[in-house]
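> predicted model and sequence follow; I will ask about them next.
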Amino acid sequence: MTALSPRTVEKGPVPNSLTTGQLPRFAELYIFGASAVVSGVLLMLIGFDVIGWLVLSAVVYLVLLGILSSLVENRRKAVDRLVRGLVTVAFLLAIIPLVSTLFTVVSKGIGALSFQFITQTGGSAFNPDTLEVTNTPGALQAIVGTLIITGIATLISVPIGLFTSIYLVEYGRPGQWLSRTVTFLVDVMTGIPSIVAGLFAFSLFTIILGPKAFSGFSASVALSVLMIPTVVRACEEMLRLVPHDLREASYALGVSKFATIVRIVLPTAIAGIVTGIMLAIARVIGETAPIFMAASFTDNFNSNPFEGPMQTLPVMAYTGFAFPGTDITASNNSAWGAALLLVILVVILNLIARVIAKVFAPKGSR
C-alpha cells in the first residue's frame, strides 16, 4: 500500500480587504482622523472655532464613511456603518457638554478648595480706619445649609412619594378615578418651574409667619414640591417591575397584602427605589431659584432651619457672581469653589446610593 500524501493547499497572495468587499479593520478610525484634519484645514481659512471644528468633523466623517462604504462594500453594510457612525457621533456630541462643564468647574474651583475653605464660615469685614472691605473665604455655612435643607426635603418627599407609588401599583385599579387623578397631578407637578415652587413656599409661610417667612424649612418645602413627582415616578416603575408571581406565591401561603408589600415587594425593588430617590435628590440639590426665594441668603452660620435665612452651595455660587462686592476675584473664586463642592457632594451621594442598593438588593441580583 502506498501512503496517502497530505492534501496540499496552494498558497496565493493574501486577499486585500478592499478587493474582497470590506473596509480595513481600522478604517473608521482613519476616516475620523482624516475628517478632523480636513475640517481643521477648512476652518483655518475662515476662522478656527472648537465647536465648529467638532461639528464639521462629525459631518465630514459621516459623509466620507457612507461614500467609502457604499463604494467598497454593499448597500446593507454601508447603511449599517452609517447608522453606527451616527449613533457614535451623537454619543460623543452628547458627552462634550458634560466633559466641558466638569473640566471648567474642576479647573477653576480646585484653586479655591482648602481645609480652611471647607471648615470656616465665609464673610466680609469693613475696616473704618482704612475704609477697606476684607473678604474671608469659607463655605461651611453653605455646606451645612445644603445638607439640612436637602435632608428635610428628602424626609418630606420620600414617605409621600413612596406611599403614593405603593397605592398606584398595589391598591389603585386601572381606570379608577382616584388613580387617574393622582397620576394626572403627578404629571402636572413634574412640569412645575422651580421658581413657582419657591413662590408657593414663600407665600405659604408668609401667610403663617408674616415677615419671618425666610427659613430653611420653607426652602425644604419648596424642594419637596419638585422632588415628590420624581420619587413617585421612580418608585412606581420599580414596583411594577416586581414579578406578579412573587405576590401570588405570597398570597397562596396566606400572607396578607400589607405583609406581602413590606416583606416581598419592597425588598425586591429596594435597589431601584434607592436609585430613584438619589436621582430625585440630585434633581433638587442644585436648585437656586426656589431656595433664593424661600430661604434668601446670608454669610452667617445658621443651623436652625426654622428661623432665619440659610445659605446653600448653589445660592453661594450664584451670589458670588451676581453680588461680588469689592473683591471680585475672591468672590468669583469662592463661587467656583462652591460649584465644585456641589459636584463632589452629588458624586458622593451617588456612590452611597450604589453601595446601599448593592447591599439591600435581593441575593439573586447581586
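Cool, got the structure.

> alpha carbons only for contacts and neighbour counts from here, please
Noted.

> buried ones in the helix or strand harbouring Gly66?
Using DSSP states H and E, Gly66 sits within helix 50-72. Across helix 50-72, burial judged by 16 or more other Cα atoms under 10 Å covers 53-54, 56-62, 64-66, 69-70, 72.

> check the offset of it from the chain's centre.
Between the centre of helix 50-72 and the centre of its chain there are 31 Å (Cα atoms, centre = their mean, to the nearest Å).

> what about the protein, any weak spots by pLDDT?
Within the chain, the ranges that satisfy pLDDT under 70 run 1-21, 48, 123-136, 325, 361-366.

> could you pull out the strands for it?
For the chain, strands defined by DSSP state E occupy the ranges 123-127, 132-136.

> per-domain residue ranges of this protein.
27-109, 132-365 (automatic domain parsing).

> which one of these is the most hemmed in?
Most buried of the domains of the chain by mean neighbour count (mean count of other Cα atoms under 10 Å) is domain 132-365; its value is a mean of 19.

> now do the longest helix anywhere in the chain against helix 50-72, angle only.
Ordering each helix of the chain by length in residues (DSSP state H) puts helix 75-109 first. Interaxial angle, helix 75-109 versus helix 50-72 (axes from the mean of the first three to the mean of the last three Cα atoms, to 10 degrees): 160 degrees.

> so which elements touch helix 75-109?
Applying 3 or more Cα pairs under 8 Å, 6 or more residues apart in numbering; DSSP states H and E, we find helix 75-109 packed against helix 50-72, helix 328-360.

> the ones you listed: which one's closest to Ile273?
Ranking these by proximity to Ile273 (Cα to Cα) places helix 328-360 first, at 8.4 Å.

> okay, the angle between the closest one and helix 75-109?
120 degrees.

> packing partners of helix 328-360?
When contacts are defined as 3+ Cα pairs under 8 Å, 6+ apart, helix 328-360 packs onto helix 75-109, helix 266-285, helix 313-322.

> which among the ones you listed is found nearest to Ile118?
helix 313-322 (11.4 Å).

> show residues contacting the closest one.
139, 142-143, 145-146, 286-288, 291-292, 297, 331-332, 334-339, 341-342 (Cα atoms under 8 Å, 6 or more residues apart in numbering).

> what's near enough to touch the residue most central in space within the chain?
The geometric centre of the chain, computed from its C-alpha atoms, lies nearest to Ala282 (Cα atoms, centre = their mean), at 6.2 Å. For Ala282, the contact set (Cα under 8 Å, 6+ apart) comprises Val346.

> ok, it to Ile291 distance?
15 Å (Cα to Cα, to the nearest Å).

> before we move on, what about Ile160?
21 Å.

> if we can go back for a sec, starting at the chain centroid, how far to the longest helix of the chain?
Relative to its chain's centre, helix 75-109 lies at 17 Å (Cα atoms, centre = their mean).

> so Pro267 touches Phe360, yeah?
Yes: using Cα atoms under 8 Å, Pro267 is in contact with Phe360, at 7.3 Å.

> thought Leu342 was touching Val284?
No: the criterion here is Cα under 8 Å, and Leu342 misses it with Val284 at 11.7 Å.

> residues touching the spatially closest residue to Ile277 that is not a sequence neighbour, list them.
For Ile277, ignoring the flanking residues on the chain, the nearest one in space by Cα to Cα, 6 or more residues apart in numbering is Val231 at 5.7 Å. Val231 sits next to 157-158, 161-162, 276-277, 280 when contact means Cα under 8 Å, 6+ apart.
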